[in-house]
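**Q** Have a look at this prediction, sequence included:
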Amino acid sequence: MMLTIPSLRVKVGQTSWLSKRRADISESLRWQIAIPVMVVFSADYLDVEKHIHRVFNFCRYEYRGSGKSEYFSTMYAPVIWLYMLGLQIFVMIKLLIYVAAIIFAIWVMLQIVTG
C-alpha cells in the first residue's frame with residue numbers, strides 16, 4: 001500500500017521490486033510522490049491484491065497514471081491498513097501451520113523408521 005502525496009490517494013498493488021515500482025508511480029503521476037506505508041508478504045500475492053480490491057471496491061478512486069483503478073480514497077486508508085495487517089497476520093499463521101505440519105510429518109516418519 002502506498003500513499004501518494006500531495007493528492008493523498010492510496011495505491012494498492014503488487015510488485016517484486018518495490019523501489020522501482022515506487023519510482024514508476026511517482027514518475028507517471030506528475031507532481032506526486034508515492035510513499036510505501038504497508039507491505040504484505042505472501043506467496044499468493046495476486047490473490048491477496050484481488051481480494052483487497054474486491055473488499056474496498058466501494059471507495060475506489062479513478063486516477064490517471066500508473067494503475068488507474070488501483071487508487072482508493074485516503075479517508076479509508078486506516079481501515080485498508082488494518083485490513084492488510086490482518087491479512088499479513090493470517091498469511092504468517094498459515095505459513096506457521098504449514099511448517100508445523102512438515103515438522104510433524106518428519107517426526108512421524110522418524111518414529112516409523114526408528115520403530
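**A** Yep, it's here. Since the model is a prediction, treat every value here as computed from it, not as a measurement.

**Q** Leu85: how many residues sit nearby?
**A** Counted by other Cβ atoms under 10 Å, the residues lying close to Leu85 total 12. Heads up, the C-betas are built off the backbone N, CA and C, glycines and all.

**Q** any idea whether it is helix, strand or coil?
**A** The three-state assignment at Leu85 reads helix, by DSSP: H, G, I helix; E, B strand; the rest coil.

**Q** I figured Gln88 was touching Val40, is that so?
**A** Yes: checked against Cβ atoms under 8 Å, the pair Gln88 and Val40 is within contact range at 4.8 Å.

**Q** Specify which residue of the two has the higher count of neighbours.
**A** For Gln88 versus Val40, the count of surrounding residues by other Cβ under 10 Å is larger for Val40: 20 against 16.

**Q** Pull out the buried positions in the helix or strand hosting Leu82.
**A** If you go by DSSP states H and E, Leu82 is part of helix 77-114. Buried residues in helix 77-114, defined by neighbour count with 16 or more other Cβ atoms under 10 Å: 77, 80, 83-84, 87-88, 91.

**Q** Now do that helix: which elements does it pack against?
**A** For helix 77-114, the elements it packs on are helix 45-55, judged by 3 or more Cβ pairs under 8 Å, 6 or more residues apart in numbering; DSSP states H and E.

**Q** helices or strands up against the helix it packs on?
**A** For helix 45-55, the helices and strands in contact under the criterion 3+ Cβ pairs under 8 Å, 6+ apart are helix 77-114.
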